[in-house]
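Participant: predicted model and sequence follow; I will ask about them next.
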Amino acid sequence: MKRIFAICLVLTGGLYSCQDNTNKKGDKPKEEPVEKLVVHFNEDSAYNFIQKQVDFGPRIPGTVAHGLTANYLLDKLKEYCDEAMIQEGEINSVSNKKVPIRNIIGSINPEKQKRILLCAHWDTRPMADEDPDEPTKPADGASDGGSGVGVLLEVARQLSIKKPDVGVDIVLFDAEDMGESEYGVESWCLGSQYWARNPHKPNYTANFGILLDMVGAKDARFMMESHSMIHARSIVEKVWRKARSLGHGDHFLMYEGGMITDDHYFINTIIRIPTIDIIQYDLASGFGEYWHTLDDNMSIIDKNTLEAVGETVLHVVYEE
Ligand code: AHN
Ligand code: ZN
């Protein structure tokens with residue numbers, strides 16, 4: 001009896017494997033009707049979006065290069081999002097000069113209630129004041145400014161190929177980098193402060209936000225930044241866990257450190273959307289050797305870092 005039973009199993013196994021692969025006529029195996037995630041964050045594309053911004057020259061508020069870049073970014077968001085607009089405003093700089101600013105905004109699934117805010121600053125600092133040789137010249141801002149925008153444009157391109165279930169708002173803030181420490185924290189992040197007080201839609205809110213800042217340099221490391229932990233701890237944990245499960249634990253460090261005045265600080269405290277900052281900062285090297293120096297150009301940009309951040313953000317969005 002035992003022997004017959006064993007033979008049966010073998011036969012059935014053979015039959016099943018036969019059915020699995022081909023039918024009786026020997027046709028090709030049928031495709032399994034499984035839904036595949038056809039999108040994949042393309043780091044070459046993100047890199048090219050950074051190159052394009054850098055090619056305009058430093059994006060300093062009030063300059064021609066800044067205006068041309070604004071048009072380019074609006075065009076890209078129009079291409080990839082359901083809605084896109086520029087929010088124009090005027091702010092007072094530290095020297096009390098009036099500066100026109102432009103926040104550039106694209107929305108995907110604008111009708112959805114559940115929303116994720118993805119943001120980065122697109123302006124570059126008027127001078128590379130940490131540069132040992134030429135502290136009055138402006139830098140290209142490939143990482144500081146260019147990288148967060150490059151990653152988000154590629155995220156937007158992917159979301160246009162396969163729509164997420166949630167709504168997504170991509171907000172590119174102006175005038176983040178005109179601050180001076182002696183003028184206090186409010187001299188930074190002028191575009192996001194403006195937007196947080198005057199959102200592009202009345203009563204705008206989102207379930208949570210992710211800010212990208214300096215996410216392009218080779219071997220960049222991101223700590224769990226303290227304002228993010230205070231205001232949006234569960235989002236930090238969700239994003240870091242996702243990054244590490246995708247194999248990006250060398251960039252996303254599992255320890256807390258740094259309290260950085262960045263756009264997310266004003267989003268958390270003014271419009272009160274729980275928002276985290278993915279920013280290159282670690283206790284050993286601070287913001288990175290290139291920070292606010294003329295070395296912040298394309299030579300420091302690394303596609304592995306862009307991939308680590310972009311893939312993580314894309315997965316977080318699709319899993320909401
Ligand atoms: C301060 O240094 C106060 N905040 C850093 C924000 C920043 C500047 N991000 C990029 N450039
Ligand atoms: Zn900066």
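Facilitator: Everything's here; your move. Numbers count the residues shown, from 1 in each chain. Ligands and ions are numbered 1, 2, ... in the order given.

Participant: which residues touch Glu289?
Facilitator: Residues counted as contacts of Glu289 (CB atoms under 8 Å, 6 or more residues apart in numbering) are Asp295. Where C-beta positions appear, they are placed from N, C-alpha and C, glycine not excepted.

Participant: repeat for the one 10 residues further on
Facilitator: Taking CB under 8 Å, 6+ apart as the definition of contact, Ser299 has no neighbours.

Participant: can I assume it sits in a helix?
Facilitator: Yes. Under DSSP: H, G, I helix; E, B strand; the rest coil, Ser299 sits within a helix.

Participant: what about Glu256, how many residues nearby?
Facilitator: By other CB atoms under 10 Å, the residues close to Glu256 number 14.

Participant: surely it touches Phe222?
Facilitator: No. Look at Glu256 against Phe222 with CB atoms under 8 Å: they stay out of range, at 11.4 Å.

Participant: can stretch 256-275 be found next to ligand 2?
Facilitator: No. Judged by CB under 5 Å from the ion, stretch 256-275 makes no contact with ligand 2; its nearest approach is 9.3 Å.

Participant: go ahead and produce CSV holding the CA coordinates of that stretch.
Facilitator: Provided in CSV are the C-alpha atoms of stretch 256-275 (Å, rounded to 0.1, in the frame of the first residue of the first chain):
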residue,chain,number,x,y,z
GLU,A,256,19.6,59.8,16.1
GLY,A,257,21.6,62.9,15.8
GLY,A,258,21.7,66.5,14.7
MET,A,259,19.0,69.1,15.1
ILE,A,260,18.9,70.9,11.8
THR,A,261,17.0,74.0,10.9
ASP,A,262,15.7,73.0,7.5
ASP,A,263,12.4,73.4,5.6
HIS,A,264,10.8,70.6,7.6
TYR,A,265,11.2,72.6,10.8
PHE,A,266,8.8,75.3,9.5
ILE,A,267,6.4,72.7,8.0
ASN,A,268,6.2,70.9,11.3
THR,A,269,5.7,74.1,13.4
ILE,A,270,3.7,76.4,11.2
ILE,A,271,1.4,74.3,9.0
ARG,A,272,1.9,71.3,11.3
ILE,A,273,2.3,68.5,8.8
PRO,A,274,4.5,65.8,10.4
THR,A,275,7.6,66.0,8.1
